[in-house]
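**Student:** quick one, what's the 3D model for this:
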Amino acid sequence: MPSHQLGRSLVAQLGTSSEVLLEFVAVYARLEYALKRVGRATEGRDGKVNVAWEGLLTELAPHFRAEANATVRDAVQYIAENPPRREVFEKHGVRFAKVPAATVGIPLKTLVDHVRRTRNNLFHGGKFPLEPVSEPARNERLLHSGVIVLIEIIHLCRDHVPDVYHAFSEDLT
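**Tutor:** Residues are numbered from 1 along each chain as shown. Have a look, this model is predicted:
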């Protein structure tokens, strides 16, 4: 396969558009950058940087109202009802295990844990199955819904955690 087609072929296997994939990666990466930039990170084992999502989400949770915006409500509902699967070990290798859907409401921390798992599945190779994907539209909807949730978090930061909002927004036009 010619090298210029390799990336396109890999993106095609993900079952999502390049645009949605790139938007998810860009927004997620920029938000983690902003959190680290304002000191919302801790040192883990061997000097590893751990982004301190929990503190941010604790501050924002009282202000998060998914029902106030139809787009956010729909994204939250999709993620809650179709959470990203979790990679687990089995005798014969690694597979995806279903995660129980939320039945009544979903706390902001759990919602963002699902968005983070979507990112982890994407970046740690779990999205390249050995067999055809049974629900190809699922990846696209999870990524798109994740972008909506992350942007809502950024909007909440504008009013409640302005240092994170400003670090996220700097140099953006």
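**Student:** can you tell me the closest non-neighbouring residue to Thr71?
**Tutor:** Ile148 (6.0 Å; CB to CB, 6 or more residues apart in numbering). Backbone N, C-alpha and C define where each C-beta goes, glycine included.
**Student:** just His160 next, same as before
**Tutor:** Closest to His160 by CB to CB, 6+ apart is His63, at 5.5 Å.
**Student:** need the contact list for the residue positioned nearest the centre of the chain.
**Tutor:** Centroid-nearest residue in the chain, with CA atoms, centre = their mean: Val115, separated by 3.0 Å. By CB atoms under 8 Å, 6 or more residues apart in numbering, the contact list for Val115 reads 28, 79, 146, 149-150.
**Student:** ok, and the most crowded of those?
**Tutor:** In terms of neighbour count, Gly146 stands highest of those at 28 neighbours, by other CB atoms under 10 Å.
**Student:** got the contact list for Gly55?
**Tutor:** Taking CB under 8 Å, 6+ apart as the test, what Gly55 contacts is Arg40.
**Student:** got phi/psi on it?
**Tutor:** phi -60, psi -40 (degrees, to the nearest 10).
**Student:** try Arg95
**Tutor:** phi -150, psi 170.
**Student:** mind checking the SS state of the residue lying closest to it once chain neighbours are set aside?
**Tutor:** Among residues not flanking Arg95 along the chain, Val88 sits closest, at 6.3 Å (CB to CB, 6+ apart). Put simply, Val88 is strand when judged by DSSP: H, G, I helix; E, B strand; the rest coil.
**Student:** return the set of buried residues in the strand or helix carrying Leu6.
**Tutor:** Using DSSP states H and E, the element containing Leu6 is helix 3-14. By neighbour count on 16 or more other CB atoms under 10 Å, the buried set for helix 3-14 is Leu14.
**Student:** just the CA trace of that helix, in CSV.
**Tutor:** C-alpha atoms of helix 3-14 as CSV (Å, rounded to 0.1, in the frame of the first residue of the first chain):
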residue,chain,number,x,y,z
SER,A,3,2.4,5.4,2.2
HIS,A,4,-0.1,8.3,1.4
GLN,A,5,-3.0,5.8,1.7
LEU,A,6,-1.9,4.1,4.9
GLY,A,7,-3.3,6.8,7.2
ARG,A,8,-6.6,7.0,5.3
SER,A,9,-6.9,3.3,5.5
LEU,A,10,-6.4,3.3,9.3
VAL,A,11,-9.0,6.1,9.7
ALA,A,12,-11.4,4.2,7.6
GLN,A,13,-11.1,1.1,9.9
LEU,A,14,-12.2,3.3,12.8
